[in-house]
Every structure is written in C-alpha cells, then in structure tokens.
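Participant: next one to model:
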Amino acid sequence: TEGVVKGDLRGRFARSFTNKTVLVFVSFLALHLFGLLWTTDPDWGLDLVRILAPLLVFAVVLSSVEPMDPHDLKKLLLLFAWATVASTIGCLFIAGGVGADHRALSCFISHIRLALLLCMSVFVFLHYWPRSIWMKLAYAVGIGWSLVYLDLLQSMSGVAILLVVLLWYAWQRAGRSAAIARILIRSCALVLPLISLAYIGWCVREHYRVVPSDVNELHGTSAGGEGYYHVPHDLQLENGYYVWRNIADRELERGWARRSAMPIMDTQQMPTALHSTLIRYMSSIGSMKDSVGLAALTDHDVRRIEQGMPSATTGTRNALRERIDELIFEMDRTQATGDPSGYSLAMRLEFWRAGVSIARENWIHGVGTGDTQLAFDAQYDRMGSKLQPQWRLRAHNEYLTLLISFGLPGLIWCLFSWWWPARRAGVFQHPLFIAFAITFAISCLTDDTIETQPGATFFAFFYGLLVWGADRSSGGPAR
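Facilitator: Numbering: from 1, shown residues only. A predicted model of the protein is given here:
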C-alpha cells in the first residue's frame, strides 16, 4: 500500500527480487512449488504452499522498505509480548481457570505454538529490560506470568527452549567476565543440563518404585467373600502400588452405585473409562479394590474420580512434574500393550520410526510436496503399526518432513535457505535473533512447525523482522 501511495511499487519489488538474501530465503517456498512436479496429491501440496505464503509476504515487504527505527522496533516487539500475555489471561478465563486441561488453556491457536510465543515474550522482556523500578516490576510480572503459563501448558519444549537460551546467554556473558566468574558461570551452565536429566531420571525411578506392602501381594478373596481377579503380568503402578491386583469388580460396582450416579459398568456390564480411573485411584492410595477400600474413599475422593483424576497425587504437583509423570505413564502403557495410540510421546516415536524408513527409501529426491501423508499411510501398513487410523499422522519433526519431501539435497538446501540470509545480514550477533533461532530450531524437533499457519507466520514474521526489518546501523535493536 505504501508503495502504491508513494508511486514506488515497481522499485520496491525490484529491490526485493534483486536482493540475494531474499531470493535464497524465498527459494524455500519455491522448492515446495517445484516439489509439486513429482507429487500425486497436488491439492494437499498446494494447500501447504498456501500455508507457507507468509514467508514470501514478510520477506518481500520487509526487505523493500526502510529498516525500522530501533525504538519503533522495540515498541512493536513489546506490543507483541504484552499482547501474548493478555491473550493468555483471556484464555485462562475462557478455559475456566488453572484446573483446565492444558490444551484448553490455548483457545486461539495450538498450545504448542502458544508456548513458542510465550518463550519469545520472555526473551523480548529480558532484552528490553528497563531502568525504571516500576517498569522493572511490570516486566518481571510479564516474565513471571509467561513462565507460570508455560508450566500450566505443561510445555516440555518450552522449558527446553528457555533452558538452552539461558545457557547460551550465560556462556556468552561469562566470556566478558573475570576469570573466576567465567569459570563459575560456565561450570554452572554445564551442570544445569545434568541436573535436569537427573531430575527426569529421579521421576522415572519414583514412577517405578514399588512400596513394600501387603496390598501389593496377591490375595484370594475379599472381606466380602468375592474372589479377587489379578492381571499379574501387567506391572502398571500408581504411587508405588500395583494397579491390576486384588480387584473385586462386583463389590466395586455395588459400592460405587451408592456413592455416585456415574456408572462404572455399561448396560452390557463392560467397564467404562471411569472403571479404570477408579481402580487406578484406589491403587494410588494403597487400597484393596473392594468394598472395604471403596468405603474408605472420602466424598472428595469420589468427586476427583468422577472428574477423571486417576491418582491421589493428580493436581497436587506442579504442572510440569505432572506432564513428566504423564509421559512416563504413556511410555509404560505403550511398552505393556504395544499400542501407542493417543499417547503423544509414544506416537511421535512411532511417527519417527515410520519417517526414517520412508526417508531411507527416498533419500535422493523425496516423495514430493504433497505425498508425505500418503507415504506415511503406506509405511504404517508395511510395518504393521498398531496405531489406530485417526492417529496415523506425519512426522511431527520438521527436519524429517523436509528430508522425506525433498530428499537429502533438498533438506540441505532448506537449512541453507534459513541460515545464509541471516548469516549474510549479520544478525547472529544479536541476542534476540539467537533466541528466536533457538526457539524455532528446537520446536522443529518435535513438530512440523512451519506446516501450520500459526507456525509459518511465527517463523516468517520474526525472521523477516530481525533480518530485514531492523535497522542495524546503530548496532542492533534498541535496548
């Protein structure tokens, strides 16, 4: 619009399409267009090209106008950060509070993409840290809220992003410190990842810890005279107690009917989802699954079970710890049943296993822009995957997806088209760009980030803004 008003539209397009960095960056989109030539599903491929359109728009527009004044850039980025904080407050209100499911806490976009926005908001607040005591307080509230919401979203990738950027920043700052301080800071930076891994290991050990108790032994009959049934080969644990041992179903059904209007058996006397929730919950408190154990449940326990809480510890730990426990549970159930359906981490491992096989067979030119889902469908059948049809998805790893689509040469060129324009523009010296680059790179490990509209827009906006839209004549964005 500005080009039309000033009568310089042709000149602006000329400046963009004679800029080598723009041409290399836009070649990423051009490769997707080229990949339509050997695809059998052009409709899906064209839809992906449409999703990637922001890369062309932001690159052309931001490279053809005068770079943004550092202070205007600061205002724009702070507006983004505060808008993200405000949107999460709205999401929390709409979802009904902190007890809502972590996916429900992101009403407007995927919770995965929202986590990326929150990470970038934290980095923007830190980069533009103010001098005024009142503004420092406001920024600290913005950072604190972003971190709390990341915890509510149970975003493991968000935590990983924050940790890696923090380590990078500490390592860089240490280089300008005295020798003793440098050694201390860098030692802490090296130890912190080890502490994180040790914490995860401790969570795994806690999950598989067996409490020495008579409840974990196999018994014959309940106090009410019903014979217990056991599934001794299923070693599922809740809070240190075996789940599928000492179960008296008829006693549970009769007793539960007196405590709740929600049935644990359907009209064909088949267990409902509430049945397994009840058994898991009673196991978590070290109870026998019979009339005596049921009578010991408080009204509060009954309400929690009705709400689908499978353990007495559910909701009592921080959201991140609960997410770790959930992932451990998912892997345990997948190992026990062989079916990863519905379990996010286990399914991703299945996606990657299928994706690696596809990439190995098509490593020269790939399967084309639109055929990734078709290739996965065929591969799941070949490998006899137990994934249910609705869960037979694509790679959930951007690097693997590009390798499958365009082969090894195509993947190398895609990575080059992301790296070289930024390298040529010299933005790898700017903390905000490094923070963005780390955020994007890590997100691509567990998701097809730029194959969603919010993900493509996130990448195109920050890349274009920091590579072409920021005035670097004064040494980078204003602080």
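
Participant: okay, now Val292: neighbour count?
Facilitator: Residues lying near Val292 (other Cβ atoms under 10 Å) number 15. Heads up, the C-betas are built off the backbone N, CA and C, glycines and all.

Participant: within the helices and strands, which one has it?
Facilitator: Per DSSP states H and E: Val292 is located in helix 291-295.

Participant: how about Ile404?
Facilitator: Using DSSP H and E, Ile404 falls within helix 398-425.

Participant: now do the buried residues in that helix.
Facilitator: Buried residues in helix 398-425, counted by 16 or more other Cβ atoms under 10 Å: 398-407, 410-411, 413-414, 417-418, 421-422, 425.

Participant: stretch 316-326 now?
Facilitator: Within stretch 316-326, the residues that qualify as buried are 319-326, counting by 16+ other Cβ under 10 Å.

Participant: any chance of a markdown table for those residues, columns pLDDT, distance to Arg304 and secondary structure?
Facilitator: Below are the buried residues of stretch 316-326 laid out as a markdown table (pLDDT from 0 to 100; distance: Cβ to Cβ, whole Å; DSSP: H, G, I helix; E, B strand; the rest coil):
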| residue | pLDDT | distance to Arg304 | secondary structure |
| --- | --- | --- | --- |
| Ala319 | 76 | 17 | helix |
| Leu320 | 80 | 21 | helix |
| Arg321 | 85 | 18 | helix |
| Glu322 | 85 | 14 | helix |
| Arg323 | 85 | 19 | helix |
| Ile324 | 88 | 21 | helix |
| Asp325 | 89 | 16 | helix |
| Glu326 | 88 | 16 | helix |
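
Participant: same list, those, but as TSV with distance to Glu226 please.
Facilitator: Formatted as TSV, the buried residues of stretch 316-326 follow (distance: Cβ to Cβ, whole Å):
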residue	distance to Glu226
Ala319	39
Leu320	41
Arg321	37
Glu322	34
Arg323	37
Ile324	37
Asp325	32
Glu326	33
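
Participant: counting neighbours, what do you get for Ser196?
Facilitator: Neighbour tally, Ser196, other Cβ under 10 Å: 13.

Participant: so what pLDDT did it get?
Facilitator: Confidence at Ser196, expressed as pLDDT, is 87.

Participant: what's the answer for the one 10 residues further on, then?
Facilitator: The predicted local confidence for Glu206 comes out at a pLDDT of 91.

Participant: for the one helix or strand it maps to, packing partners?
Facilitator: Assigned by DSSP H and E, Glu206 falls within helix 179-207. Helix 179-207 sits against helix 156-174, helix 319-337, with contacts defined as 3 or more Cβ pairs under 8 Å, 6 or more residues apart in numbering; DSSP states H and E.

Participant: now distance to Thr272 too, for the ones you listed, in JSON lines please.
Facilitator: Shown next, in JSON lines, are the helices and strands packed on helix 179-207 (distance: least, Cβ to Cβ, whole Å):
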{"stretch": "helix 156-174", "distance to Thr272": "31"}
{"stretch": "helix 319-337", "distance to Thr272": "18"}
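
Participant: out of those, flag the one nearest Val231.
Facilitator: Checking those against Val231 by Cβ to Cβ gives helix 319-337 as the closest, at 10.0 Å.

Participant: now tell me what touches the helix or strand following that closest one from outside.
Facilitator: Sequence-wise, the next helix or strand downstream of helix 319-337 (DSSP H and E) is helix 344-361. Residues from elsewhere that reach helix 344-361, judged by Cβ atoms under 8 Å, 6 or more residues apart in numbering: 327, 330-331, 333-334, 340-341, 367, 375-376, 379-380, 382-383, 385, 387, 391, 393-397, 400-401, 403-404, 446.

Participant: mind giving me the PyMOL select for those residues, buried ones only?
Facilitator: Buried residues among those (16+ other Cβ under 10 Å), as a PyMOL selection:
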select buried, resi 327+330+331+333+334+340+341+367+375+376+379+380+385+387+391+393+394+395+396+397+400+401+403+404+446
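
Participant: could you pull up phi and psi at Tyr241?
Facilitator: phi -120, psi 140 (degrees, to the nearest 10).

Participant: pLDDT below threshold where in this protein?
Facilitator: In the predicted model, the chain carries pLDDT under 70 at residues 1-9, 472-479.

Participant: ok, which stretches of it are strands?
Facilitator: Taking DSSP state E as the test, the strands found in the chain are 237-238, 241-242.

Participant: wait, which of these is closest to Gly308?
Facilitator: Judging these by Cβ to Cβ, what sits closest to Gly308 is strand 237-238, at 14.3 Å.

Participant: distance of Ala437 relative to Ile450?
Facilitator: The gap separating Ala437 from Ile450 is 14 Å, by Cβ to Cβ, to the nearest Å.

Participant: Asp266: how many residues sit nearby?
Facilitator: 10.

Participant: contacts only, for it.
Facilitator: Counting by Cβ under 8 Å, 6+ apart, Asp266 touches Thr272.

Participant: quick one, phi/psi of it?
Facilitator: Backbone torsions of Asp266, given as degrees, to the nearest 10, read phi -90, psi -170.

Participant: Arg353 versus that one, what's the distance?
Facilitator: Separation of Asp266 from Arg353 (Cβ to Cβ) stands at 35 Å.
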